[in-house]
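Engineer: Here is a sequence together with a model predicted from it:
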Amino acid sequence: MSPSSTQVPAPALTDTGYQAPSSADILQGVIADLQAATNGRLSFYDDDGNLLVAKPQSQLAVSQTAILSDVHAAFMALMAGIDPQTAFGVLQDAIGRIYFMERRAGSATVVNGLCRGYPGTVIPAGTMVQDTNGNSYTAQETGTIGRDSTVTIQFENTVTGPVDCPAGTLTGLYQQIAGWDSITNPQAGIIGNNQETRTDFETRRRNSVAANSRSQNASLMGALLELDGVTDAYVMDNPSGNATTISGVPMEPHALYVLVEGGTETAIGQAILAKKPPGIATMGDRLVTVQDTNPVYDGNRPSYTFRYDRPQPVPVTVAVTLEQSDSVPSDVVAQVQAAIMGVLTAGKYRARMGGTLYASRLSAVVDALGDWAEVLSLTLSTDSLTNQTRLRLPINQLPTVTPATITVELV
């Protein structure tokens, strides 16, 4: 055997990717090389063909095999990191930077606060309130109490991550404003997320491609999803000259409907100005006025007022029935709640506007908790829909699930 030759199989870079030899084939090659180097004086197997693992030469062969296998595994991971569909970690971050994207550190829980007080009272953006657990929230927009003595303002938790805010817990006026009497949240808040996952980052990267275009619904939706603080967005239009209902929402003729969860009103308005087709009306309960900052206007910038909507949070109850057995752990409720929340708050199947929740997907993650997790039934319910195995809400409603709305029964 020449000094440069080896009987260890070589890897191959083919049209289907990096092909590495198996560990068993590498071991055979390493043993053959050691035999050739010692003129066959080393023994590796017993009479039955089993590897003599206690012998030093066998240990050396196994160690060299492990080293080579680890190198192949690392290179295969590197190859996978080049493909946006499978990239993760620092390699996915590098792909994102090609699109001028950075991984989001996390999002905060947002909740709609119903403020009551004297009509005309202004509650400025940045005003702080607290829930019954002592968590602090800041107003994301300025609101003025209307003639009915109420105004609904979106508040955001001061820290990122999944902080639960059940209905009726936002009650503390951290800052006193004359004319503002009370606050509550009729619906649960939309729970925030931890650092952006691999799947969510890749989804946002794909959407960012559409954001580079103009005058398309996908263009505006992609731009909205790129805004700081935006956790979800949806854009659709009614191209006909007649009022109609689309995806459960009454649509005005020739109108564009923009739904955004999170983000500031100014940033949303600028995105609408930049991406929507000229002359198309917008619809929604929220108003935002922005200026066209294009330098072509040279100090005479026109202003435009657009309408948009925030989705209505709709509490969803997940009822899980498991078979009772001696192997069921004492923290079964916490485990089931964590598994279901993991699916609905991040990744491909997270709860979104216009999405469909499938009980079968949630049942699968509960089943995966262990042999003890025998799911007898799993249903989804809202105030108006009960015991559903598939749940799809109107496009302007956002399904919200918290650990408190996940029940577990053992029978």
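Structural biologist: Looks like it came in fine.
Engineer: Enumerate the positions of the helix or strand hosting Cys115 that are buried.
Structural biologist: In the assignment (DSSP states H and E), Cys115 maps to strand 110-117. Residues Val110, Val111, Asn112, Gly113, Cys115, Gly117 are the ones in strand 110-117 that count as buried (16 or more other Cβ atoms under 10 Å). C-beta coordinates here come from the backbone N, C-alpha and C atoms, glycine included.
Engineer: can you list the residues that contact it?
Structural biologist: 123, 129, 137, 139-140, 143, 145, 149-157, 165, 170, 177, 179-190, 192, 231, 261-262, 310, 313 (Cβ atoms under 8 Å, 6 or more residues apart in numbering).
Engineer: One more pass at 7 Å, please.
Structural biologist: 123, 129, 137, 143, 145, 149-156, 165, 170, 179-187, 189-190, 261-262, 313 (Cβ atoms under 7 Å, 6 or more residues apart in numbering).
Engineer: could you give the mean pLDDT of it?
Structural biologist: In this model, strand 110-117 carries a mean pLDDT of 94.
Engineer: next one: stretch 262-275
Structural biologist: Mean predicted lDDT for stretch 262-275 stands at 91.
Engineer: Can I get it in CSV, CA atoms only?
Structural biologist: Provided in CSV are the C-alpha atoms of stretch 262-275 (Å, rounded to 0.1, in the frame of the first residue of the first chain):
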residue,chain,number,x,y,z
GLY,A,262,-48.4,44.4,16.6
GLY,A,263,-46.3,47.2,15.3
THR,A,264,-46.8,51.0,15.5
GLU,A,265,-49.5,52.8,13.5
THR,A,266,-46.9,55.1,11.8
ALA,A,267,-44.9,52.2,10.5
ILE,A,268,-48.0,50.4,9.3
GLY,A,269,-49.2,53.6,7.5
GLN,A,270,-45.8,54.0,5.8
ALA,A,271,-45.9,50.4,4.6
ILE,A,272,-49.4,50.9,3.2
LEU,A,273,-48.2,54.0,1.4
ALA,A,274,-45.2,52.3,0.0
LYS,A,275,-46.8,49.1,-1.3
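Engineer: residues in contact with that stretch?
Structural biologist: Contacts of stretch 262-275 (Cβ under 7 Å, 6+ apart): 107, 110, 140-141, 214, 219-220, 223-224, 227-231, 258, 260, 282, 286, 288-290, 292, 304, 306, 308.
Engineer: Show me where the stretch 151-300 of the chain has its strands.
Structural biologist: Per DSSP state E, counting those that start in this stretch, the stretch 151-300 of the chain carries strands over the ranges 170-172, 180-184, 232-238, 244-246, 249-251, 255-261, 281-283, 286-291.
Engineer: So what touches the second one?
Structural biologist: Taking contacts as Cβ under 7 Å, 6+ apart, the residues outside strand 180-184 that touch it are Gly113, Leu114, Cys115, Arg116, Gly117, Thr121, Ile123, Val129, Gly168, Leu170, Thr171, Leu173.
Engineer: Could you check how far the fifth one is from Phe88?
Structural biologist: The one in question is Gly117. Distance, Gly117 to Phe88, by Cβ to Cβ, to the nearest Å: 49 Å.
Engineer: care to break this protein down by domain?
Structural biologist: What automatic domain parsing lists as the domains of the chain is 12-82, 110-184, 213-310, 314-410.
Engineer: any idea how far the shortest one is from the chain center?
Structural biologist: Domain 12-82 has its average C-alpha position 41 Å from the chain's average C-alpha position, going by Cα atoms, centre = their mean, to the nearest Å.
Engineer: on that earlier part again, now list the buried members of the contacts of stretch 262-275.
Structural biologist: Restricting the contacts of stretch 262-275 to buried positions leaves 107, 110, 140-141, 219-220, 223-224, 227, 229-231, 258, 260, 282, 286, 288, 290, 306, 308, with burial counted as 16+ other Cβ under 10 Å.
Engineer: Might one say that Met221 is in contact with Met236?
Structural biologist: No. If you go by Cβ atoms under 7 Å, Met221 and Met236 don't touch, sitting 9.0 Å apart.
Engineer: Mind jotting down where the strands sit in the stretch 1-150 of the chain?
Structural biologist: Under DSSP E, counting those that start in this stretch, the stretch 1-150 of the chain gives strands at 12-14, 17-19, 110-117, 122-123, 128-131, 136-139, 143-144, 150-157.
Engineer: Indicate which one of those is closest to Gly241.
Structural biologist: Nearest to Gly241, of all these, is strand 150-157, at 32.2 Å by Cβ to Cβ.
Engineer: Residues contacting that closest one, please?
Structural biologist: 108-116, 123, 129, 135, 137-141, 143-145, 163, 192, 310.
Engineer: Which strands border it, and is each parallel or antiparallel?
Structural biologist: Next to strand 150-157 in the sheet, as set by DSSP bridges, lie strand 110-117 (antiparallel), strand 136-139 (antiparallel).
Engineer: Switch those over to TSV; also include distance to Thr197.
Structural biologist: Conversion of the strands paired with strand 150-157 to TSV gives the following (distance: least, Cβ to Cβ, whole Å):
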stretch	distance to Thr197
strand 110-117	19
strand 136-139	24
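Engineer: How far does stretch 340-353 sit from its chain's centre?
Structural biologist: On Cα atoms, centre = their mean, the centre of stretch 340-353 falls 6 Å from the chain's centre.
Engineer: Could you list the buried residues of that stretch?
Structural biologist: Ile340, Met341, Val343, Leu344, Thr345, Ala346, Tyr349, Arg350, Ala351, Arg352, Met353.
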